[in-house]
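Enquirer: Fold the following for me, if possible:
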Amino acid sequence: MVLVATTVFFICLLWITIPYLWYPLWQLAFPGKPLEINPPNFFPKVSVVFAAYNERMIIEEKIRSIFASQYPQDLIEVWIGSDLSDDGQDDIIRELQKEYPGLHLHINAQRSGKSATINRLVELCTGEIIVATDANIIFDEHTLVELAVPIISSQATAVAGTLTYGKAKTTGTTATTERQYLTIENKIRQSESQKYGFCLGMEGGLYSMRKSAWQPIPPLTFMEDFFQTVQLIQNDQQIYYSDTAFGYEDVSTSLQEEFKRKKRISIGNYQNLKRFRGLLLKKVYPFGWIFLFHKILRWTTPQAIIIGILALIFTPFALPTFVGVAVLLSLELLFYRGAGPLVYFCAMNLAMLQGYLTYLQGVSSSVWQPTKRNQDEP
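Expert: All right, here's what the predicted structure looks like:
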């Protein structure tokens, strides 16, 4: 019994450490060779599309950041889908339409959720290249150009941009931990792109792709960016990660807000795992290998933790292990303001577990509330 429990415990420990330690170390140690992007001979029309719900505080800055681009102004159109906002957001957009002829507003007849809204915007837009983003992601003057050039040069079908919290003025430990996590994740995606010709996961807040390669997002889908990523890989398309196409957002300093966000992400993760599970066997390497070690093991870490704890109870080193973890958690809570790395790890895995349970119960709506940013931590 002890031998079986010990074996199960160490299997679970390996399960947990592969996506959070060994796989990142492997990708960071062997990042591959950067792709040299050819300069374009022309610029096609681009359509920036995003759903917005009650984003009055950020919507003007967002729109102006897009039109401040170095990309030719007459080749930029922006389509915003309002999911029945009631905070005055739509009035701000209408006022800005007087200044920007390429700005378009579509208002849903009823609350429809992000995926359905984006599907409608893609039907309405006329650009050769689609740039998908979120209302709270601010562009710099180079963002659109960097998202378009690899596609224009026919070196990629899609481009994953780089989200950063670099302009956010935050001091809380939740924000710091999330910032560190995103920095490492960006490095992993860059390494994947350079070695395999795709990165597993374009950030929904900042990516571009040929409109001809777009596929309608299935109803009630939470992680539409991952859906588009994998359907492109399924069709043998190149996805280039650009470390120069920046989008800026304020990181949430509230553990509660990050918990809700991670729960939504978890629901979408399992939707896409079910949708594309067959591809694991059809494309074992590199896709299946990356999908398993980068994503699936991470998504199922909560289950590994539960199984590992149950197995640990029957091992001779159970008591010192539990005491050691308790001491580490206590020290972190004592010396950190808010959630330090260990507390953050535990909270986010609990959120993923709740998301999994919600997924098992069935999803009946994908409407959303904007994530609150820059709150004071409790």
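
Enquirer: What separation is there between Gly268 and Ile18?
Expert: Relative to Ile18, Gly268 is positioned 22 Å away (criterion: Cβ to Cβ, to the nearest Å). C-beta: built from backbone N, CA, C; applies to glycine.

Enquirer: quick one: which of the two has more around it?
Expert: Here Gly268 and Ile18 are set side by side on neighbour count (other Cβ atoms under 10 Å), and the busier one is Gly268, at 23 against 19.

Enquirer: The more buried one: what's it in contact with?
Expert: With contacts taken as Cβ atoms under 8 Å, 6 or more residues apart in numbering, Gly268 has the following neighbours: 221-224, 226.

Enquirer: which of those has the most neighbours?
Expert: Phe222 (27 neighbours).

Enquirer: Check the secondary structure at that residue for me.
Expert: Phe222 carries the three-state label coil when classified by DSSP: H, G, I helix; E, B strand; the rest coil.

Enquirer: swap in the one 10 residues further on?
Expert: Under three-state DSSP, the three-state class of Leu232 is helix.

Enquirer: And the one 5 residues further on, by the same measure?
Expert: Taking three-state DSSP as the rule, one finds Gln237 in the coil state.

Enquirer: Kindly report the same for the one 5 residues further on.
Expert: Ser242 carries the three-state label strand when classified by three-state DSSP.

Enquirer: That one and Leu147 touch, don't they?
Expert: Yes: with contact taken as Cβ atoms under 8 Å, Ser242 and Leu147 are classed as touching, separated by 6.8 Å.

Enquirer: Between the two, which contacts overlap?
Expert: With Cβ under 8 Å, 6+ apart applied, the overlap between the contact sets of Ser242 and Leu147 consists of 159, 161.

Enquirer: Tell me where the protein has strands.
Expert: Secondary structure of the chain (DSSP state E): strands at 46-52, 76-82, 103-107, 129-133, 138-139, 158-164, 206-210, 239-248.

Enquirer: Show residues contacting the third one.
Expert: Yep, that's strand 103-107 we're talking about. 63, 67, 77-82, 84, 90, 93-94, 96-97, 117, 120-121, 124.

Enquirer: and if you look at the fifth one?
Expert: By Cβ under 8 Å, 6+ apart, the list of residues contacting strand 138-139 from outside reads 58, 61-62, 65-66, 68-69, 133, 167, 246-249.

Enquirer: again, only using 10 Å
Expert: Applying Cβ atoms under 10 Å, 6 or more residues apart in numbering, the external contacts of strand 138-139 come out as 48, 58, 61-69, 71, 131, 133, 146-147, 161, 167, 206, 245-250.

Enquirer: circling back to that earlier point, now render the strands of the chain as TSV, adding distance to Phe345.
Expert: Below are these laid out as TSV (distance: least, Cβ to Cβ, whole Å):
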stretch	distance to Phe345
strand 46-52	30
strand 76-82	35
strand 103-107	40
strand 129-133	29
strand 138-139	29
strand 158-164	21
strand 206-210	26
strand 239-248	25
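
Enquirer: which one of these lies closest to Phe10?
Expert: strand 239-248 (33.9 Å; Cβ to Cβ).

Enquirer: Okay, buried residues for the closest one please.
Expert: By neighbour count on 16 or more other Cβ atoms under 10 Å, the buried set for strand 239-248 is 239-243, 245-248.

Enquirer: same check, this time on stretch 357-370
Expert: The neighbour-count criterion (16+ other Cβ under 10 Å) identifies 359, 366, 368, 370 as the buried residues of stretch 357-370.

Enquirer: Stretch 126-137 too?
Expert: Of the residues in stretch 126-137, those buried (16+ other Cβ under 10 Å) are 127-137.

Enquirer: Helices of the stretch 201-350 of the chain, residue ranges please.
Expert: When assigned using DSSP state H, counting those that start in this stretch, the helices of the stretch 201-350 of the chain occupy the ranges 224-234, 255-276, 279-282, 289-290, 297-299, 301-312, 318-335, 341-361.
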